[in-house]
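Asks: fold the following.
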Amino acid sequence: MTTVESAPAPSGPPPKQTSLSMKKALRSVRRSVDPVVGVWLAALAVTVLGWIVVTAQGGSFLTTANAVAILQNCVALGLVAVGQSAVILTGSLDLSVAYLISLGTLVAAETMASGGVVTAVIAVLALSVAVGLANGLIVTGLKVNAFIATLGMAFILRGWIEDNYTGPAGEVPVSFQRLGYDRIGPVPVSVFLLIAVAAVMWLITRRTRLGHHMYATGGDEHAARLSGVRTGRTVVIAHVLCSLCVGAAALFLAARLGAGAPWAGTEARYDLESIAAVVLGGTALAGGRGGVAGTLGGVFVLAVLDSVFNQLSVDPFFKNVVRGVVIIAAVAIYARPRRTPKAPKALKGGGSA
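Replies: Residues are numbered from 1 along each chain as shown. Got it, this is the predicted structure:
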């Protein structure tokens with residue numbers, strides 16, 4: 001009687017199961033990639049592409065002067081965008097930042113001309129806290145949509161500026177102007193102000209209970225409230241933090257201009273530009289996702305684009321078209337739904353043997 005030897009059992013999982021495992025692993029890798037890395041890689045790509053284009057046109061892109069100009073252009077927008085990140089994380093936003101900057105430069109310059117630098121800094125920061133507190137209370141207390149509430153505040157500040165100022169006012173002492181022009185090697189001193197403010201905001205949003213509450217409020221305000229988060233207070237504090245960052249930007253611009261200017265914030269459109277930088281940095285406008293590091297990457301992308309356009313003498317209309325396309329493309333990429341693994345199909349016959 002002959003015996004039939006059975007074939008040895010395969011040592012590994014079936015090919016189909018292996019393929020599914022590899023797909024799941026790839027999905028998990030994609031999810032684990034920090035969006036901030038993508039933003040800064042995009043910034044690097046824009047820089048390299050700008051260098052190639054400018055060099056091909058006979059210009060000089062990688063020079064100390066151009067690097068200093070890019071970094072200086074990052075400071076004011078970066079300070080505003082870092083503050084804007086805080087309110088957007090909570091699901092709110094602030095459209096009053098441009099006029100607050102303008103008024104802040106005027107208050108700073110006039111106070112410095114009569115009362116000293118320290119008094120001026122305190123006055124600007126106090127003004128910023130008052131505006132941020134008002135915005136937050138209108139949004140949370142009166143239940144006014146943040147877009148309408150901060151737009152209304154912008155009109156109030158605009159009315160005050162137009163009624164009291166017709167041009168530049170005040171005078172900034174030379175000692176304070178050093179903030180806007182001095183450098184340590186090739187790095188402007190003002191960049192360290194941006195780094196310090198961004199570091200503090202990063203610590204608040206990532207390492208404190210308040211920061212966790214900001215993400216929770218922006219992610220799902222109702223669920224956060226049921227979990228014991230005081231969402232109203234969180235939104236108010238976020239608006240105050242945003243306005244304080246705007247106040248710092250106003251002080252920097254006052255140092256750059258040497259006087260207060262009614263157009264300091266509106267001419268550069270810091271309201272929309274800051275929101276664009278935040279969106280480019282991967283922060284969701286609905287709130288609950290994003291952060292300061294990505295926002296700084298978005299600011300750098302916009303600053304490099306401006307530098308390239310200026311060196312190429314690009315028409316302003318075309319410049320805005322390209323910036324608009326970049327912003328729309330970034331939002332479209334971030335808005336793509338993430339695929340989730342499909343649930344295994346139920347076995348036919350359903351019951352256990």
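
Asks: tell me the secondary structure of the closest residue in space to V80 that isn't next to it in sequence, please.
Replies: Leaving aside its sequence neighbours, V80 sits nearest to S274 (CB to CB, 6 or more residues apart in numbering; 4.3 Å). (Each C-beta comes from the backbone N, C-alpha and C, glycine too.) Reducing the assignment to helix, strand or coil with DSSP: H, G, I helix; E, B strand; the rest coil, the entry for S274 is helix.

Asks: with S60 instead?
Replies: In three-state terms, and counting by three-state DSSP, S60 is coil.

Asks: I'd like the distance between it and C74.
Replies: S60 sits 20 Å away from C74, taking CB to CB, to the nearest Å as the criterion.

Asks: ok, K319 - contacts?
Replies: The contact partners of K319, taken as CB atoms under 8 Å, 6 or more residues apart in numbering, are 306, 309.

Asks: rerun that using 6 Å as the cut-off
Replies: By CB atoms under 6 Å, 6 or more residues apart in numbering, the contact list for K319 reads F309.

Asks: what pLDDT does it get?
Replies: Looking at K319, its pLDDT reads 84.

Asks: go on, V174?
Replies: Looking at V174, its pLDDT reads 94.

Asks: what of L347?
Replies: In this prediction L347 is given a pLDDT of 42.

Asks: same deal with R339?
Replies: Value listed for R339 in the pLDDT field: 52.

Asks: over to R323?
Replies: R323 carries a pLDDT score of 83 in this model.

Asks: how far off centre is the helix or strand harbouring it?
Replies: Per DSSP states H and E, R323 falls inside helix 316-334. Using CA atoms, centre = their mean, to the nearest Å, the distance from the centre of helix 316-334 to the centre of the chain it belongs to is 16 Å.

Asks: list the buried residues in it.
Replies: Of the residues in helix 316-334, 319, 323, 326-327, 330, 334 count as buried by neighbour count, 16 or more other CB atoms under 10 Å.

Asks: closest to E221 out of the residues you listed?
Replies: Ranking the buried residues of helix 316-334 by separation from E221, with CB to CB as the measure, puts Y334 on top at 20.8 Å.

Asks: give the contact list for that closest one.
Replies: Y334 touches G282, counting by CB under 6 Å, 6+ apart.

Asks: so, low pLDDT: which residues of the stretch 1-150 of the chain?
Replies: Within the stretch 1-150 of the chain, the stretches with pLDDT under 70 are 1-34.

Asks: please enumerate the helices of it.
Replies: Counting by DSSP state H, counting those that start in this stretch, one finds helices in the stretch 1-150 of the chain at the ranges 15-32, 35-56, 64-89, 97-114, 117-141, 146-164.

Asks: do the same with the stretch 151-300 of the chain
Replies: Assigned by DSSP H, counting those that start in this stretch, the helices in the stretch 151-300 of the chain fall at 174-181, 189-207, 209-219, 221-226, 231-257, 270-280, 292-312.

Asks: by contact count, what packs against the longest one?
Replies: Using 3 or more CB pairs under 6 Å, 6 or more residues apart in numbering; DSSP states H and E as the contact criterion, the elements in contact with helix 231-257 are helix 64-89, helix 97-114, helix 117-141, helix 174-181, helix 189-207, helix 209-219, helix 221-226.

Asks: dump those to JSON lines, plus distance to T295 and mean neighbour count.
Replies: Formatted as JSON lines, the helices and strands packed on helix 231-257 follow (distance: least, CB to CB, whole Å; neighbours: other CB atoms under 10 Å):
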{"stretch": "helix 64-89", "distance to T295": "5", "mean neighbour count": "24"}
{"stretch": "helix 97-114", "distance to T295": "14", "mean neighbour count": "26"}
{"stretch": "helix 117-141", "distance to T295": "18", "mean neighbour count": "20"}
{"stretch": "helix 174-181", "distance to T295": "22", "mean neighbour count": "15"}
{"stretch": "helix 189-207", "distance to T295": "8", "mean neighbour count": "17"}
{"stretch": "helix 209-219", "distance to T295": "14", "mean neighbour count": "20"}
{"stretch": "helix 221-226", "distance to T295": "22", "mean neighbour count": "14"}
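
Asks: tell me which of those helices lies nearest to Y165.
Replies: Here helix 97-114 is closest among the helices and strands packed on helix 231-257 (CB to CB), at 6.1 Å.

Asks: that closest one to helix 146-164, inter-axis angle?
Replies: What separates the directions of helix 97-114 and helix 146-164 is an angle of 40 degrees, with axes from the mean of the first three to the mean of the last three CA atoms, to 10 degrees.

Asks: next, the angle helix 117-141 makes with helix 97-114.
Replies: Computed by the same axes, to 10 degrees, the angle between helix 97-114 and helix 117-141 is 150 degrees.

Asks: which residues does the residue nearest to V80 contact?
Replies: Under the criterion of CB under 6 Å, 6+ apart, the contact partners of S274 comprise 80-81, 84.
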